[in-house]
Every structure is written in C-alpha cells, then in structure tokens.
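> how does the following fold in three dimensions:
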Amino acid sequence: MGRKSNSRNNGFWFWAARNGWYHTCPTTGTRISLKVKGKENKAQAQQRYCQIQAQGGVPALVAEKAKEAIANVDQLAQAFLDCRKGLACHDIYTSNLRAFRLAFGLLAPSAMTEGQIVGWINGQKKANGEAWSYSQKVGVKKILKAMFSFAASERLVDKSPLRDLKAGQTESRTATFSADQTRVVEKWLATNNPAFLAVFQAMHFYARPGELFKLTAADIQETEVDGEAVLVAILAPEDWKNGQKTGKPRTIYFDTKEMVATVKALVAQYPTGPIFRTTKGKAWTTNSSSHAMEKVRKACNLGDEFCLYTTRHTCFTEALRNNMPTNQLCLAGGTSAAMLDKHYGHLNHEDVIRAMRKKGAA
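Got it, this is the predicted structure:
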C-alpha cells in the first residue's frame, strides 16, 4: 500500500514509499506534501498540517448558489469534473464517469447506496461482451469514491455511500483458491514474477496486503517453537487496519521453513525500508499489486473474483473448516469474532447441515 499512519483519518498521513508526510485535499483528491520527511517526525508534520488548516485549509470549490442547482447524480458528476479541470486526471475521470451518469444521472445523490453502486460496477461489460477486469472495476470504484467524498466535503450529501468501502473491494468474499490453483499460480510466478510470489506466499499466513507492504527488517523477530525457527513480524498499532481501534500491535507468524527462508533473504536484501518490493526494488502499492494480480489471473485462467485478498480468505475458510479455535484465528488474522461471523458464518451453517445429513444416514 505504501502509506503508514494512524493519522490519515485526521487529515494527514505518512507515505512510506516517499518517506514523507502528506495530506489529501478533500475536494480535489490531490496528495499534497507537508514537506516533512521521516516517519519519526510525525509531530512536526502535525504542526505543519495544523498551520495549513489555521490558514483556511482548502476552501469550498462549489459556490452556495451553485450547490442549490445540484439535484441529481449527473449534476454532481459535472460539478466534480469542473473542479478538476486542468488536472491530469480530468479526461480519465470524464470517460470513466460517462456510463455511470447514464445509468444513475437522474437519481438524487443522497439516494445512492453502496450495494447499488458496487452491483453496477460488478455488472459492467466491455464492448466485446466480456466482464470488466478487476483493475477496471477498482479504478472506477476509486473515481466514484472520490466523487462522493467530494459531495460529502461540499455538504451536498450527509455522508458518502462509499465511505466504508475498502480499496479494491468490489467482489464479495466467496472465491477461494484450490490446492491445484495455488500450485499453478506459484509455478507461474516463480518464473515470471518472483517478487510477487513472495507476497502471494506470505498472504497464506493470514496477512493483509497492506500489512505485508509495510513490514521492515526492524519489525521481524526470530524465535523457536518446538525446536523449529519461526519469524514473528510485529506492526505498531498505528501501522495496521484495526490498531487505531484496539491500540494493540499486529503480529504475523511465519512458521514454515520456506517462508522463514524467504523473509530472512528479504531482510538481508533490504535492511531499511519495506522488505517486500517489486522486481524493480520499489515498494508495493495497491495499484502495482492489482496489476500483478491481473496478469496472474490471465496467465492462470482465473476469474475476476480472484484477487490477492482471496488468499487470506482461503486461509480463513480452511482454518474454520478444520475447526481452528476462533480466539487463535482472531490472533493470527488480526481480526475479531464479529468479523468472522459476518463473513464466514455461512460455513457454520453448512457444517451443521452436513452433520445432520450424516446423522440421518446413520
């Protein structure tokens, strides 16, 4: 992912790939440097950010009278695009919003829902009849998320319907990798993208992509369990998804000989900065990993429902079916029992039905 901070929700954040602090313009979506380098200089970055806010921050881009004329999605989209004239993204945003405006242009922005928008994205097809690629879906979703965030910041809607939609999240968690599919993917990556193979294999340890992309050599500790070497990666509370809520560090356990060897090699290769990097030595980002995964899908004949996060989902599914205790799974995955029930509760129902069928056949 390349960004690290628990302060992003407060308006500024650390961009690890550039080793600097940034804030995001809420109306244009532009990333603006605070001109402060180094993660350790958070206090200085916060002071700089507060100075900018005290000077007026970012003024509203839509005049109050103009806001009164924005009654539907089409008008919202036009106002959103007007505020981006002159920016490099303007033409891309215009072309990508065209179909959405045709589909929902007459509806009130406040009437739009996350399910409605995601359902539309997942149902789109190319001119040749093929479904949109995963990258296309994610790209349009990001633009729509920016548009509705703009609407919220300009007080055109109470809140964005896509506010809680995660980056890259366009499909429900239903797909899982079979053992054969995993072997095919790993074999192809070993030849064509060894750097991404390390990420793909590390995902099998209940990690999130963003957590792996943030790991540095300083986060890795070596220990032993039953006489065998195990690597323990520990992220500070501010460096992972739920840390801000729980105040607890995130622990990832690499316990196989192969993964221990891989991580040790990466630590030796990159003693500073992120240890998981592309073949060019750059830090992985959401975009670069999405593009890498799209190549995997095409080469290995996988559907669009397969993404990098599917690996984590597969691990949770197999662990629950193998009756791994919930408390241990929550620790391994950095999650909660409530999340497990929300996304994997159907497995419990399936197990109950299978048990009933066995009993009836006895």
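> how about the helices in the stretch 1-150 of the chain?
42-54, 64-68, 73-82, 90-104, 114-122, 134-153 (DSSP state H, counting those that start in this stretch).
> mind listing the helices for the stretch 151-300 of the chain?
Using DSSP H, counting those that start in this stretch, helices in the stretch 151-300 of the chain cover 179-192, 194-202, 209-214, 243-246, 257-269, 286-299.
> tell me where this protein is predicted with low confidence.
For the chain, applying pLDDT under 70 flags the ranges 1-11, 25-30, 53-66, 166-174, 345-362.
> about what we covered before: any chance of a markdown table for the helices of the stretch 1-150 of the chain, columns mean neighbour count and distance to Asp304?
For the C-beta atoms, the positions are set from N, CA and C on the backbone; glycine is no exception. Converted to a markdown table, the helices of the stretch 1-150 of the chain look like this (neighbours: other C-beta atoms under 10 Å; distance: least, C-beta to C-beta, whole Å):
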| stretch | mean neighbour count | distance to Asp304 |
| --- | --- | --- |
| helix 42-54 | 15 | 38 |
| helix 64-68 | 10 | 38 |
| helix 73-82 | 20 | 25 |
| helix 90-104 | 15 | 17 |
| helix 114-122 | 15 | 9 |
| helix 134-153 | 21 | 5 |
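> tabulate these (JSON lines), appending distance to Thr285.
Compiled in JSON lines, the helices of the stretch 1-150 of the chain are given as follows (distance: least, C-beta to C-beta, whole Å):
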{"stretch": "helix 42-54", "distance to Thr285": "21"}
{"stretch": "helix 64-68", "distance to Thr285": "35"}
{"stretch": "helix 73-82", "distance to Thr285": "24"}
{"stretch": "helix 90-104", "distance to Thr285": "18"}
{"stretch": "helix 114-122", "distance to Thr285": "21"}
{"stretch": "helix 134-153", "distance to Thr285": "12"}
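> minimum distance to Ile252: which of the ones you listed has it?
Of all those, the one in closest proximity to Ile252, counting by C-beta to C-beta, is helix 42-54 (23.4 Å).
> show me the contacts for Lys37.
Neighbouring residues of Lys37 by C-beta atoms under 8 Å, 6 or more residues apart in numbering: Asn19, Gly20, Trp21.
> was I right to think the last one contacts Asn41?
This means Trp21. Yes: using C-beta atoms under 8 Å, Trp21 is in contact with Asn41, at 7.2 Å.
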